[in-house]
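Trainee: Generate a structure from the sequence data that follows.
(chains A and B)
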2 protein chains.
Amino acid sequence: MAASEEPPTYFYIGQHDSKRTAPVTGSQVSGAYNAGYDMITSPISNAAYRSKVKSLLSAYQTAVCDEECEDEESVPFPIVPSLTPEHTNLTPDDSISSLLAFTSQWIDLASPDPAVAHVSRQVFNQEIAYAAFCGVNNVVVPGPRHHGDVQLTQYARAISYALSIGPYLQIQILLPMSQEPKEGPPADPEHFFHQAREFFMTDADDESLPSSGHYESWDAWNLIRSVCKFHGRLSVGVSVPRQLPPMSLQSRWFSEPLRFIVFPDSSFIPNNKGYPVLSKASQEMITRYMRLKTPPWVLLQDVGSVQDDSPVAMSFSPSGSLAPTPAEAARSATKPKDTTDPTSHLRYLRHLQATQPQRSMVDRFAVGYQDYLQSPLQPLTDNLESITYEVFEKDPIKYEWYQRAVALALQDLHQQIQGKRPIVVAVVGAGRGPLVTRVLRASADTGVPVSAWAVEKNPNAYVLLQRHNLTNPLWNKSVTVVKTDMRAWQGPILPSGEVGKVDILVSELLGSFADNELSPECLDGVQHVLHPDHGINIPQSYTAHLTPLATPKIHQDLSFRSGDDRWELPYVVMLHQYDYLSLANLSPGMGGKADAEPIPDVQQAWEFSHPLSPAILAQAKLRQGGSAAGGSGGAVGGDGANEHNARFSRMRFKIQNRGVCHGLGGYFESVLYEARSGKQVELSTNPVTMDEKSKDMISWFPIIFPLKTPLHVPDNGEMDVSMWRQTDDRKVWFEWMVEVFHRVDGKRYRLGASELRSSWKNACLM
Amino acid sequence: MAASEEPPTYFYIGQHDSKRTAPVTGSQVSGAYNAGYDMITSPISNAAYRSKVKSLLSAYQTAVCDEECEDEESVPFPIVPSLTPEHTNLTPDDSISSLLAFTSQWIDLASPDPAVAHVSRQVFNQEIAYAAFCGVNNVVVPGPRHHGDVQLTQYARAISYALSIGPYLQIQILLPMSQEPKEGPPADPEHFFHQAREFFMTDADDESLPSSGHYESWDAWNLIRSVCKFHGRLSVGVSVPRQLPPMSLQSRWFSEPLRFIVFPDSSFIPNNKGYPVLSKASQEMITRYMRLKTPPWVLLQDVGSVQDDSPVAMSFSPSGSLAPTPAEAARSATKPKDTTDPTSHLRYLRHLQATQPQRSMVDRFAVGYQDYLQSPLQPLTDNLESITYEVFEKDPIKYEWYQRAVALALQDLHQQIQGKRPIVVAVVGAGRGPLVTRVLRASADTGVPVSAWAVEKNPNAYVLLQRHNLTNPLWNKSVTVVKTDMRAWQGPILPSGEVGKVDILVSELLGSFADNELSPECLDGVQHVLHPDHGINIPQSYTAHLTPLATPKIHQDLSFRSGDDRWELPYVVMLHQYDYLSLANLSPGMGGKADAEPIPDVQQAWEFSHPLSPAILAQAKLRQGGSAAGGSGGAVGGDGANEHNARFSRMRFKIQNRGVCHGLGGYFESVLYEARSGKQVELSTNPVTMDEKSKDMISWFPIIFPLKTPLHVPDNGEMDVSMWRQTDDRKVWFEWMVEVFHRVDGKRYRLGASELRSSWKNACLM
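Mentor: Predicted coordinates for the structure are as follows:
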């Protein structure tokens, strides 16, 4: 992995006219391009088709009434005839692939009236099939008209079917970003099914009124994509209101496959010169969303027509468009004249594009790695390649912090032994030697003389270490290089020829989840070389941390892999398109404020510290071989010699907003050294403390423990996470389980539980 | 399938002394046998072992205190040495396989004190391993001491590990049948960990007080077996209180792998002669549980010691048993002398065994088929074997009801056509001819002359039909037998040589879920032969019905099969070990009364009726080949000619008591004929109406639509079931999905949803 140059920011911007009643013409497409748009939206069928379908439905209603409304089952549902050239001017031509085709908004796929639903599904399927035939790549489907639970399932089933009709079609569901209860879908006075529905409605589902809160729209999306089994060609587009929803909901959408965001004219405000601009909050949201690995397109909706490049077709001829509502007319009348420029919104977006802030160090480093799942390193069993070392060595923070920690430890020890001799410092697992260099620098900086040792088991790195010692002026042949597994090292040979002890033992064995690359086992194994009275380990201690995550993208990725084992191991991953489920700065029941950056609740699972108590080390030795063992305390097999490194933790997380948990995000913190003065040098990948403790450190990505079955959690729910570090004589592995609870009248009920997952088959070998 | 003789009822009864402090001796085993018991329980280790472990823990506590309670991490946890002959007299001998071995009750596998938990797990694992080594088949593990959520997960993990220690060991968890909140586990004043726990307790989980209601104990079991992934060697035993829990909870335990039921002395009441007997409710519960395919054992707990057959070992010597508590002593003092007979409880149970009521017709028929999953028949594509027909023909009710229906229809039609000619009756899909016989009998009974036709596509059955016609005196060569698929039949040839119409079309094409063997498609296909004005179909209509079920056994069975498809089809199954989740006779919030037999809420999904409206049939014909079709209305592929037989239904079920849904039980009802007089002849497998409509009918087992991931539902939850009957030109299949909701402050929230399952790959071919 290498930090990349920042890619140029480009916004793909589309023109969307929601009142269009016929597919766009070639000249309209060219007009949009010439105005500076990257794409244009288009209906698939026209108003004539709508009239045709309406007349079919009317005929059906009449027939049913003729039957005296008693035996309506004897009248067959209307059959919508195939599309004809009169009903659509869409054809397979050069511009078709850049169109964003909209299926009709006037249908109702999940109408409680079965005739309306039947007709709507025919219209929908015909449009999808024709768009696919013509070579359209992207079809936008307006979200469900009803949010009643009954209708949602039916709607989702129709989308699932549409994905099977067009095998190459990308389908996007258009939803409002946030929907207040009872607000309902945008009113459509022209919706010709209104009457039909009122006439036929027999199964009004009044009980199924939308549940409260901003998350209703996300809820609908969640159900749709679940029914569609996280389909790879299904994504979502959201329409942005002028008043943005809470940051927590913005984050939720960030975690989803967000293909586009729609800014209607109403989401803009005039600046002091009368030009349309977006609120500060909306600008920040755009910046955030544009950091997505696949940045969403921006659709500008109803912000003024652009000139066709030929006068042949007029998209806004009186016959082709609907008259504005009185409210719209009133609003546009109050606008200053300047903004009648049909491309002022577009020009504003291009301005935003040009003024995007620079990405952070970590973001730039992460480009290309976002949400890419890697198996954790096993440096104990595998010998690393030089390139892997090189990536680690590039970290601008980590080695600097090690140098500070060593310097503080040198000063403390120098004082303690009253400067009688050089301090013996050994770097175990020295790799290509970066820590040795830092030890020597710390010695030079503090003026405390050291006797430096470098211990490395990798025979290839050993060659490099020796060369460094010969050629590097700082090393200056002063370092003793030893080739051995640190656990087999006898210790430094003193000038007297005796085997001595190490005063400071420096190692970099931490993994993304602190102990997951077996730092505890390695350091136990080398502790015999450490000075029993004043020996110092750097790092002194480390802790593993967890928080529950929504990661639909990673879940989708894993779902489409094969093998049951894929759910039974943690992955190292630069988490990118995800959402925190448990927030530390939201009270239960609060939706959160729009301007509050969500801070996750990240809890500590367990801690390791070094050196270990001699009594525990002695007992571990005694148990080796089984002579003292009476059965291991929980792990499968073995004599229990490593059992002091087993851990169990149970954490309780409050969940403020409903969601789905796809896994647990894992992080670490480490105290490299706490000086006698109380000064601490720390590393952290914990998102809550990383900026404070080791900002811009890039060496570690987080780890994720996935859940095979996503776990629903309600508003104000609780998640209990159980995490085990298991061990036998040969290996270490993790087990994890999540349970969901809610409280009713102060009592706590279990709502669900994940399976117990275990990385036993993919354990780290000791 | 053939109805079996009723197997003799036998109760396997065990003697359980909860105060034993050492493994039983051979003579104790013989003593129990001689007294009439089938088995005896035994601890695995003895009181000396307990003392040894206690002293280890005390030493640890002292060591920690010596360290001034500050750095307790530096003191290693106690290591329990291996078992010695001093600690157990269990040996691999002849009697060992009939022992029910108990792991120690004084340990605490999930203590919040890590040292106690560590020691407990060592004791537990040693006992399990030693019992397995000795050849014990069954180990009983006392349930968790704490019902706090933290402890439960730890306990479950320990059980999961134990299953891996003994690869042949059956493990049973002993739980109270019902546990009231705050009652807590049975107090054990001798529990030596009490002090230790109080001393160490740092993480008291006061918030995790048990949630309310009778289901807490079941909840614990549910979590344990989920963590153990529905392990085949894990089952449960319940201890029965004198006051039984509600019937709904008794049913829940019935659905679980119930290996034994424990009756403590306290669950008995003295009869008027002073002998111990069980309450009426307990007797009925025993009768019910003994109907399980694998009937549970009965353990009589602390009901009096039996004589050893040799004086060598005394199991109740003062050193080997604990003194009774004052309460126990008081209670036994008030007992009439008669009951000091140590086998009076056993003799009472044997009396119950001898007086068990006879099983019902259906139960007897079902023996051997309980919970056995079969794929639904596909009579349209497969030709049935004679034996299959024979099983169907054995039904004592079904053909009788057909005869009644035909008789009523004959009378109605005879009146309508004023007796001018014989009524033309055709049996389509005549098989071996049982319906033809019934038609002829109905004709004879009513005196209405018929012209009888038998249409059959199976060439093998056709041979038999012709033979019947020649040899059966009732048929008397009067039946015209036609070999053809009914859909290709031209109709009856009149004496004039013209093709006539059928007055009554009799068929038996129903499947377990009404239309799942394609009765609608077949009858549509033959409708052209039916008299257009007065033609009658028998059956006239049929409906499909559903209710959500807990079926852990079936879930386990499917879990251990291979292939993803196994979750994507319904199974015909004689449901046996299951529980209804939605009850019609319980109000929400009510636990239910102990004496109320639970009545499920079974809802109608959809209906089919015959004959079809001519207009709909005409449209279907028109759509064949795609000439009139404008895309099918939801099903994948096809021209939509069968779309009028597609169905969708959404049902809402109230769930009173928390549970886990493993699938949907499916049933049917059918109106064979409704006479002009209003008299109806009906068939039903719907458990709510079957006794009223067609009691003792055995031809159909229910159907189950399984869920891959069991779905949790809370107390007073709601389940919304979506069910589709999908169709294209070639086949019919089902899709199903379940969502769980709860209401908070009158608002409805989705808590979870199953995946959308589809039997498309296993569809019925038309």
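Trainee: Every contact and neighbour count from this point should use C-alpha atoms.
Mentor: Fine.
Trainee: Pull stretch A:402-414 out as CSV, backbone CA atoms only.
Mentor: C-alpha atoms of stretch A:402-414 as CSV (Å, rounded to 0.1, in the frame of the first residue of the first chain):
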residue,chain,number,x,y,z
TYR,A,402,8.4,5.0,19.7
GLN,A,403,11.5,7.3,19.8
ARG,A,404,9.8,9.5,22.4
ALA,A,405,8.9,6.5,24.5
VAL,A,406,12.4,5.1,24.4
ALA,A,407,13.9,8.4,25.2
LEU,A,408,11.7,8.8,28.3
ALA,A,409,12.5,5.2,29.4
LEU,A,410,16.2,5.8,28.9
GLN,A,411,16.1,8.9,31.0
ASP,A,412,14.1,7.1,33.8
LEU,A,413,16.5,4.1,33.9
HIS,A,414,19.6,6.2,33.6
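Trainee: Residues in contact with it: which ones?
Mentor: The contact list for stretch A:402-414, computed with CA atoms under 8 Å, 6 or more residues apart in numbering or on different chains, reads A:423, A:435, A:438-439, A:441-443, A:445-446, A:448, A:504, A:534, A:536, A:538, A:672-676, A:680-681.
Trainee: Now it: buried residues?
Mentor: Going by neighbour count (16 or more other CA atoms under 10 Å in any protein chain shown), the buried part of stretch A:402-414 is A:402-411, A:413-414.
Trainee: picking up where we left off before, could you give me the PyMOL selection string for whichever of the contacts of stretch A:402-414 are buried?
Mentor: Here is the PyMOL command that selects the buried residues among the contacts of stretch A:402-414 (16+ other CA under 10 Å):
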select buried, chain A and resi 423+435+438+439+441+442+443+448+504+536+538+672+673+674+675+680+681
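Trainee: Just the ones of the contacts of stretch A:402-414 in helices?
Mentor: A:435, A:438-439, A:441-443, A:445-446 (DSSP state H).
Trainee: Out of the residues you listed, the closest to residue A:552 would be?
Mentor: Nearest to residue A:552 among the ones in helices among the contacts of stretch A:402-414, counting by CA to CA, is residue A:435 at 39.0 Å.
Trainee: Touching, that closest one and residue A:399? I think so.
Mentor: Yes - shown here, residue A:435 and residue A:399 form a contact pair, counting by CA atoms under 8 Å, at 6.9 Å.
Trainee: Output the contacting helices and strands for the helix or strand residue A:463 falls within.
Mentor: Following DSSP states H and E, one finds residue A:463 within helix A:459-471. Contacts defined by 3 or more CA pairs under 8 Å, 6 or more residues apart in numbering or on different chains; DSSP states H and E place helix A:459-471 against strand A:480-483.
Trainee: Go ahead and confirm residue A:574 touches residue A:699.
Mentor: No - counting by CA under 8 Å, residue A:574 sits too far from residue A:699 to count as a contact (10.9 Å).
Trainee: and the contacts of stretch A:402-414 near chain B, which?
Mentor: The overlap between the contacts of stretch A:402-414 and the neighbours of chain B (CA under 8 Å from any CA of the partner chain) is empty.
Trainee: Which positions in stretch A:485-505 come out as buried?
Mentor: Here stretch A:485-505 shows A:485-487, A:489, A:491-492, A:500-505 as buried, counting by 16+ other CA under 10 Å.
Trainee: and stretch A:749-764, is it in reach of chain B?
Mentor: Yes - interface with chain B: stretch A:749-764 contributes A:749-752, A:755-756 (CA under 8 Å from any CA).
Trainee: Which ones among these lie within strands?
Mentor: Secondary structure assignment (DSSP state E) places A:749-752 from the residues of stretch A:749-764 next to chain B within strands.
Trainee: what packs against the strand or helix carrying residue A:452?
Mentor: In this structure, residue A:452 sits in strand A:450-456 according to DSSP H and E. Applying 3+ CA pairs under 8 Å, 6+ apart, one finds that strand A:450-456 contacts strand A:423-428, helix A:434-446, strand A:480-483.
Trainee: hmm, who's touching it?
Mentor: Strand A:450-456 is contacted by residues A:422-431, A:433, A:436, A:439-440, A:443, A:462, A:465, A:478-486, A:492 when judged by CA under 8 Å, 6+ apart.
Trainee: more neighbours, residue A:574 and residue A:699?
Mentor: residue A:574 (22 against 18; other CA atoms under 10 Å in any protein chain shown).
Trainee: re the thing from before, same list, the buried residues of stretch A:402-414, but as a markdown table with pLDDT, distance to residue B:111 and secondary structure please.
Mentor: As requested, the buried residues of stretch A:402-414 are arranged in a markdown table below (pLDDT from 0 to 100; distance: CA to CA, whole Å; DSSP: H, G, I helix; E, B strand; the rest coil):
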| residue | pLDDT | distance to residue B:111 | secondary structure |
| --- | --- | --- | --- |
| A:402 | 98 | 40 | helix |
| A:403 | 98 | 43 | helix |
| A:404 | 98 | 42 | helix |
| A:405 | 98 | 39 | helix |
| A:406 | 98 | 41 | helix |
| A:407 | 98 | 44 | helix |
| A:408 | 98 | 41 | helix |
| A:409 | 98 | 40 | helix |
| A:410 | 98 | 43 | helix |
| A:411 | 97 | 44 | helix |
| A:413 | 97 | 42 | helix |
| A:414 | 96 | 45 | helix |
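Trainee: would a markdown table of these with distance to residue A:530 be doable?
Mentor: Below are the buried residues of stretch A:402-414 laid out as a markdown table (distance: CA to CA, whole Å):
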| residue | distance to residue A:530 |
| --- | --- |
| A:402 | 19 |
| A:403 | 20 |
| A:404 | 21 |
| A:405 | 17 |
| A:406 | 15 |
| A:407 | 18 |
| A:408 | 18 |
| A:409 | 14 |
| A:410 | 15 |
| A:411 | 18 |
| A:413 | 14 |
| A:414 | 16 |
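Trainee: Now do the same contact list for residue A:617.
Mentor: Contact analysis of residue A:617 by CA under 8 Å, 6+ apart lists residue A:524.
Trainee: what angle separates the strand holding residue A:452 from strand A:423-428?
Mentor: Strand A:450-456 and strand A:423-428 are oriented at 10 degrees to each other (axes from the mean of the first three to the mean of the last three CA atoms, to 10 degrees).
Trainee: biggest strand in chain A by residues?
Mentor: For chain A, the strand that runs over the most residues, judged by DSSP E, is strand A:659-674.
Trainee: In terms of secondary structure, what does that one contact?
Mentor: Packed against strand A:659-674 by the contact rule (3+ CA pairs under 8 Å, 6+ apart) you find helix A:398-416, strand A:536-538, strand A:541-550, strand A:680-684, strand A:703-713.
Trainee: hang on, the earlier thing: tell me the most packed of the ones in strands among the residues of stretch A:749-764 next to chain B, by neighbour count.
Mentor: When neighbours are taken as other CA under 10 Å, the top entry among these is residue A:751 (27 neighbours).
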